[in-house]
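Colleague: Build me a model from this:
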Amino acid sequence: MKKLMLTTAALALTTGFAMAETVRLGTEGAYPPYNFINDKGEVDGFERELGDELCKRASLTCEWVTNDWDSIIPNLVSGNYDVIIAGMSITDERDEVIDFTQNYTLPDPSAYIATSADIDLNSAVIAAQTGTIQASFVASSGATLVEYATPEETVAAVRNGEADAVLADRAYLLPIAEEDQGLEMLEKMELIGGGIGLGLRESDTELKETFNKAIQSMKDDGSLNALIEKWDIGVTF
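Modeller: Model prediction:
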């Protein structure tokens with residue numbers, strides 16, 4: 001899905017993980033239905049259920065940590081948590097800094113919402129969250145990119161006239177378009193990225209393999225597809 005973000009994450013990959021310790025799962029908590037904070041102040045959503053189930057299958061003790069998107073890779077590398085599970089698309093650029101498990105979703109189409117269908121996307125001002133694969137796509141498309149720190153701000157930019165459209169994951173934008181009569185989803189969609197995976201430090205090869213086995217077991221028994229359908233994430237495996 002989402003996101004491309006690399007800043008100064010060329011920090012030394014020196015922080016390792018001992019399998020006997022608690023695994024800290026880092027997420028954004030601001031990108032429903034993938035991850036969000038519920039009324040109880042707890043991490044919720046597709047990735048909360050997925051992460052809990054993966055840890056159960058892997059016999060790991062896990063805890064959840066929230067982190068702003070723009071520093072989510074540097075703080076993984078520096079050891080603030082052990083895994084990124086935050087709707088992060090697998091890209092070659094990110095893979096130069098961190099490692100990824102196999103994907104747990106196929107690429108979700110990126111969609112546009114706008115106040116009107118009568119806009120020329122080639123010359124439009126398009127909002128996207130900073131450090132996302134959508135921001136990178138818009139920057140290379142010829143349209144004018146405006147970036148915001150949070151997904152909520154990208155939608156607000158369209159509502160207040162700062163941008164003509166938002167480009168983000170369809171699963172994120174669809175409920176917004178359905179609830180706001182002033183916004184509509186455009187027919188055009190973009191297929192970007194290679195699906196979403198868990199992000200880990202490159203040194204944590206044992207932990208990566210542990211999670212790969214757990215993800216594969218969920219693919220094999222159909223429980224991952226059931227979770228994808230429950231949360232209306234996108235295409236099943």
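
Colleague: can we go C-alpha only for contacts and neighbour counts from here?
Modeller: Will do.

Colleague: Any regions of this structure where pLDDT drops low?
Modeller: In the prediction, the chain carries residues with pLDDT under 70 at positions 1-20.

Colleague: Residue ranges of each domain in it, please.
Modeller: With domains defined by automatic domain parsing, the chain comprises 23-107+194-230, 110-190.

Colleague: Indicate which one of those is closest to Thr236.
Modeller: Among the domains of the chain, domain 23-107+194-230 comes nearest to Thr236, with 5.3 Å by CA to CA.

Colleague: Give me the most central residue, the chain.
Modeller: Nearest to the mean C-alpha position of the chain, counting by CA atoms, centre = their mean, stands Gly87 at 1.9 Å.

Colleague: Need the three-state assignment for it.
Modeller: coil (DSSP: H, G, I helix; E, B strand; the rest coil).

Colleague: Do I have it right that it meets Gly199?
Modeller: No. The criterion here is CA atoms under 8 Å, and Gly87 misses it with Gly199 at 10.0 Å.

Colleague: thinking again about what came up before, mind putting the domains of the chain in CSV, distance to Thr236 included?
Modeller: Listed next are those as CSV, based on distance: least, CA to CA, whole Å:
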stretch, distance to Thr236
domain 23-107+194-230, 5
domain 110-190, 13
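
Colleague: Now do the strands in the chain.
Modeller: Along the chain, the stretches classed as strands by DSSP state E are 23-27, 30-31, 35-37, 43-44, 62-66, 83-84, 99-105, 110-114, 125-129, 144-148, 165-169, 184-190, 196-200.

Colleague: which one of those is the most hemmed in?
Modeller: Comparing the strands of the chain by mean neighbour count (mean count of other CA atoms under 10 Å), strand 165-169 comes out on top with a mean of 29.

Colleague: Run through the neighbouring helices and strands of that strand.
Modeller: Contact here means 3 or more CA pairs under 8 Å, 6 or more residues apart in numbering; DSSP states H and E; on that basis strand 165-169 packs against strand 110-114, strand 125-129, helix 133-139, helix 151-159.

Colleague: got CSV for those, with distance to Asn225 too?
Modeller: As requested, these are exported to CSV (distance: least, CA to CA, whole Å):
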stretch, distance to Asn225
strand 110-114, 20
strand 125-129, 27
helix 133-139, 24
helix 151-159, 26
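
Colleague: closest one to Asp44 among these?
Modeller: With CA to CA as the criterion, Asp44 lies closest to helix 151-159 of the helices and strands packed on strand 165-169, at 16.9 Å.

Colleague: Could you list the residues in contact with that closest one?
Modeller: For helix 151-159, contacts defined as CA atoms under 8 Å, 6 or more residues apart in numbering pick out 30-31, 114-115, 127-129, 147-148, 163-166, 183.

Colleague: Using a markdown table, lay out those together with distance to Gly51.
Modeller: Output for the contacts of helix 151-159, formatted as a markdown table (distance: CA to CA, whole Å):
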| residue | distance to Gly51 |
| --- | --- |
| Ala30 | 16 |
| Tyr31 | 15 |
| Ala114 | 33 |
| Thr115 | 36 |
| Ala127 | 30 |
| Ala128 | 26 |
| Gln129 | 24 |
| Glu147 | 29 |
| Tyr148 | 27 |
| Ala163 | 35 |
| Asp164 | 36 |
| Ala165 | 32 |
| Val166 | 29 |
| Leu183 | 33 |
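
Colleague: between those residues, which is nearest Leu76?
Modeller: Distance ranking of the contacts of helix 151-159 against Leu76, using CA to CA, places Ala30 first at 17.7 Å.

Colleague: Contacts only, for the closest one.
Modeller: Contacts of Ala30 (CA under 8 Å, 6+ apart): 36-37, 150-151.

Colleague: For burial, what's the neighbour tally of Glu53?
Modeller: For Glu53, the tally of surrounding residues (other CA atoms under 10 Å) stands at 17.
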